[in-house]
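1. Build the 3D model from these lines:
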Amino acid sequence: MQNPLVLTIGEFARLTHLSIRTLRRYHDAGLLEPARVDPATGYRYYDAAQIPAAQVIHRLRELDVPLPEVRRILGSPDPEARALLVGEHLRRLEDQLERTRAAVTSLRRLLTPEPGELAVELRRTPATTVAAVEGTVAEADVLAWYAGAMAELDAVVPDPAGPPGGLYDNELFTHGRGRMVVYLPVAEPPAPAGRVRPVTLPAAELAVATHPGDHDTIDVTYGELGRWVVDHALAVAGPVREVYLSGPRDTADPAAWRTEIGWPVFRVAPA
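-> Next up, the predicted model:
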């Protein structure tokens with residue numbers, strides 16, 4: 001006679017909204033052992049007290065937590081440790097969601113381009129001395145490195161003579177690692193402090209375009225500017241320059257952000 005406190009796998013499946021197949025997989029993975037397995041028939045039986053654990057596993061799997069991490073979370077006796085493990089995975093999900101959102105936004109702009117051509121101007125810029133932080137950075141670390149460099153620059157240059165900017169070597173895009181220079185314009189060269197040094201940006205002729213909004217679709221603006229450069233028989237000659245005319249430092253509204261992109265160029269001689 002079956003113990004009334006023990007549930008068949010079918011009954012347990014109905015109560016937890018987990019399929020029989022899923023419960024078998026959780027058993028095989030060592031995540032949710034049945035309360036009893038009949039040695040003669042192999043039938044699995046569960047205790048009603050296992051329902052919360054089954055629901056926790058279900059929710060974790062809905063969040064795409066890998067089975068080994070689910071096992072670690074369930075096996076940790078410390079609530080704070082469990083919360084830390086879940087929090088780490090949620091942060092990874094948030095990063096992935098942000099990357100997905102940016103990719104979708106970029107695709108929409110590529111598949112439904114805005115009418116009209118990108119406004120591009122050729123501009124000669126003189127040599128300029130700025131307060132700068134330089135370094136060789138992996139592409140994955142650019143945002144964190146930029147934030148740290150700007151914090152140092154802000155501490156040394158409380159009253160810059162213009163908006164911040166950056167120079168990015170081609171290797172950063174082609175090989176995933178390259179030299180970066182982040183700077184603030186200054187009226188007078190600063191005294192060296194920490195990583196901050198006076199740096200002279202060389203004179204250059206730039207093909208300049210302005211990217212509106214956040215950087216989710218800045219790759220599209222780069223592509224349009226590159227096409228303009230090719231169409232006008234120009235070639236890129238040096239690290240790309242960006243000037244952050246308006247950004248998170250100025251307003252919380254991404255629609256108001258403006259990034260000026262400048263490619264150093266020279267005219268290609270006809271063949």
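2. Name every strand pairing with the helix or strand containing residue 46 and say which way it goes.
-> Using DSSP states H and E, residue 46 sits in strand 44-47. In the sheet, strand 44-47 lines up against strand 6-8 (antiparallel), strand 36-37 (antiparallel) (DSSP bridges).
3. Could you list the buried residues of the helix or strand harbouring residue 199?
-> For residue 199, the host element (DSSP H and E) is strand 197-201. By neighbour count with 16 or more other CB atoms under 10 Å, strand 197-201 contains the buried residues 197, 199, 201. Just so you know, the C-beta spots here come from the backbone N, C-alpha and C atoms, and that holds for glycine as well.
4. and residue 264, how far is that from residue 240?
-> According to CB to CB, to the nearest Å, residue 264 and residue 240 sit 8 Å apart.
5. brain fart, residue 225
-> Using CB to CB, we find residue 225 at a distance of 9 Å from residue 240.
6. how about the closest residue to residue 246 other than its chain neighbours, what does it touch?
-> Nearest-residue entry for residue 246: residue 258, 4.6 Å, with adjacent residues in sequence omitted and distances by CB to CB, 6 or more residues apart in numbering. By CB atoms under 8 Å, 6 or more residues apart in numbering, residue 258 lies in contact with 210-212, 244-247.
7. Next one: residue 258 from residue 210, what distance?
-> 6 Å.
8. where along this structure do the helices fall?
-> For the chain, the helices defined by DSSP state H cover 9-16, 20-28, 51-62, 67-75, 79-111, 142-156, 170-174, 218-231.
9. Quick one: residues in contact with the strand holding residue 199.
-> 125, 127-134, 167, 181, 183, 186, 189-190, 192, 241.
10. Give me the pLDDT for residue 57.
-> pLDDT for residue 57: 87.
11. any low-confidence regions in the stretch 51-200 of the chain?
-> Residue ranges of the stretch 51-200 of the chain with pLDDT under 70: 102-116.
12. and if we set it to 80?
-> Within the stretch 51-200 of the chain, the segments meeting pLDDT under 80 span 76-79, 81-83, 86, 89-90, 93-117, 173-174.
13. List the contacts of residue 9.
-> Residues near residue 9 by CB under 8 Å, 6+ apart: 20, 23-24, 34, 43-46.
14. among those, who's most crowded?
-> The most crowded member of these is residue 46, carrying 25 neighbours; neighbours defined as other CB atoms under 10 Å.
15. Can you tell me how far that one is from residue 99?
-> 39 Å.
16. could I get the contacts of residue 9 as TSV with pLDDT and distance to residue 145?
-> Output for those, formatted as TSV (pLDDT from 0 to 100; distance: CB to CB, whole Å):
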residue	pLDDT	distance to residue 145
20	91	51
23	92	47
24	92	48
34	93	51
43	93	59
44	93	53
45	94	57
46	93	52
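17. The strand holding residue 46: how far from the chain's middle?
-> On the basis of CA atoms, centre = their mean, to the nearest Å, strand 44-47 sits 44 Å off its chain's mean C-alpha point.
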